[in-house]
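Asks: I would like to see how this sequence folds:
(one chain, ligands or ions: 1)
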Amino acid sequence: MPLDGMFGGDEPRGPWCASCKAPITPGQRRVRVQFDSDPHGFRGLTGVYHEACSKPFASLAHVINLTKFSKF
Ligand SMILES: [Zn+2]
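Replies: As a prediction, the model looks like this:
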C-alpha cells in the first residue's frame, strides 16, 4: 500500500518512484506523470517517476488521457 509510506513514522526522504518504489535522489532526474483516470494518485499511477521508469507510463498516460475525448 503506498499510503503506508505516506503515514509512516519515519519521513521518507524525497519523492518515491511510482514504478519501482525506490526513492528518487536529488541527483536523479524525475518526471511527473499525470493520469486523468487517477488525478489524486490513489491508484498509484499519477506521481513522480525516475526519468527512465516514467517512459512506459508516460506513453500509457498519453493514451488514457486521450480517451476522454473519444467516448463513444
Ligand atoms: Zn523508478
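Asks: quick check: longest helix of this structure.
Replies: helix 51-67 (DSSP state H).
Asks: tell me what that one is packed against?
Replies: For helix 51-67, the elements it packs on are strand 30-33, judged by 3 or more Cβ pairs under 8 Å, 6 or more residues apart in numbering; DSSP states H and E. All C-beta spots, glycine's among them, are computed from the backbone N, C-alpha and C.
Asks: tell me how far the strand it packs on lies from the chain's centre.
Replies: 7 Å (Cα atoms, centre = their mean, to the nearest Å).
Asks: do that strand and the ion meet?
Replies: No: Strand 30-33 stays clear of the ion (Cβ under 5 Å from the ion), getting no nearer than 9.0 Å.
Asks: which residues sit against the longest helix of the chain?
Replies: 17-20, 28-31, 33-37, 45, 49 (Cβ atoms under 8 Å, 6 or more residues apart in numbering).
Asks: anything in that helix near the ion?
Replies: Yes: among the residues of helix 51-67, C53 lie within reach of the ion under Cβ under 5 Å from the ion.
Asks: which residues of the chain lie near the ion?
Replies: 17, 19-20, 50, 53.
Asks: low-confidence ranges, the protein, go.
Replies: The chain contains residues with pLDDT under 70 at 1-13, 69-72.
Asks: most centrally placed residue in it?
Replies: G47 (2.5 Å; Cα atoms, centre = their mean).
Asks: for it, what are its contacts?
Replies: With the criterion set at Cβ under 8 Å, 6+ apart, G47 makes contact with 15-18, 32-33, 41.
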